[in-house]
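J.: coordinates for the following, if possible.
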Amino acid sequence: MKNTRMKKNITIIAVILLVMAISITTALGMRSVPDVNANEYGQTYGTLVDMKHLGEIPDLIRATGIDGTIGYVYKDELYPPLGNTPEEALRLQAERDARGEYSILLYESDGKTVIGEFPMGGGDRIYSVTSDISLD
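T.: As a prediction, the model looks like this:
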């Protein structure tokens, strides 16, 4: 009788611990893995922090423009190609350096509606992509 009650108590404790482990895992997973946002054109958008779990950079990266407007910039414009050879990399870098300070367009999450500009290149003022967790 005592042995049966002990087995029953152990089983109850094991079930409770299993339910707690599943609940904790689910709660942590919900906080650490973001929803993948995609616009009507199939482009992903979000912050670099949110998207690090995907193993790739979103097509549109959240950024704050020159005038403080929050929008998105295209990944390929923010991170231009590096080149396939050392010589090509040096040539592309020299072209970027010669260009000086310039701006790329800032878009709504649809990737079509222009809402501002994001500074690139040289200059004294420093701007960066938005690294907060929230997405539209």
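J.: could you find the closest non-adjacent residue to residue 115?
T.: Using C-beta to C-beta, 6 or more residues apart in numbering and skipping the chain neighbours, the partner closest in space to residue 115 is residue 71 (4.8 Å). Glycine gets a C-beta too; all of them are placed from N, C-alpha and C.
J.: what's near enough to touch the one you found?
T.: By C-beta atoms under 8 Å, 6 or more residues apart in numbering, the contact list for residue 71 reads 62-63, 65, 106-109, 115-116, 118.
J.: can you list the domains in this protein?
T.: Listed domain ranges for the chain are 1-32, 35-136 (source: automatic domain parsing).
J.: per-stretch mean pLDDT over those domains, give me the minimum one.
T.: For the domains of the chain, the weakest mean pLDDT is recorded on domain 1-32, namely a mean of 57.
J.: re the thing from before, buried ones in whichever strand or helix holds the residue nearest to residue 115?
T.: According to DSSP states H and E, residue 71 maps onto strand 70-74. Residues of strand 70-74 classed as buried: 71-74 (neighbour count, 16 or more other C-beta atoms under 10 Å).
J.: out of those, which comes closest to residue 80?
T.: residue 74 (10.6 Å; C-beta to C-beta).
J.: how near is that closest one to residue 63?
T.: Distance, residue 74 to residue 63, using C-beta to C-beta, to the nearest Å: 10 Å.
J.: picking that back up, and the contacts of the next helix or strand after the strand holding residue 71?
T.: With elements assigned by DSSP H and E, the helix or strand that comes after strand 70-74 is helix 75-78. Residues from elsewhere that reach helix 75-78 (C-beta under 8 Å, 6+ apart): 57-61, 63, 104-105, 118, 120, 129.
J.: if you set the cut-off to 6 Å instead, what comes out?
T.: Defining contact as C-beta atoms under 6 Å, 6 or more residues apart in numbering, one finds that helix 75-78 is touched by 57, 59, 61, 104.
J.: end to end on stretch 69-80, go ahead and measure it.
T.: 23 Å (C-alpha to C-alpha, to the nearest Å).
J.: tell me which of the contacts of residue 71 fall in strands.
T.: Within those, membership in strands is found for 62-63, 106-107, 115-116, 118, as judged by DSSP state E.
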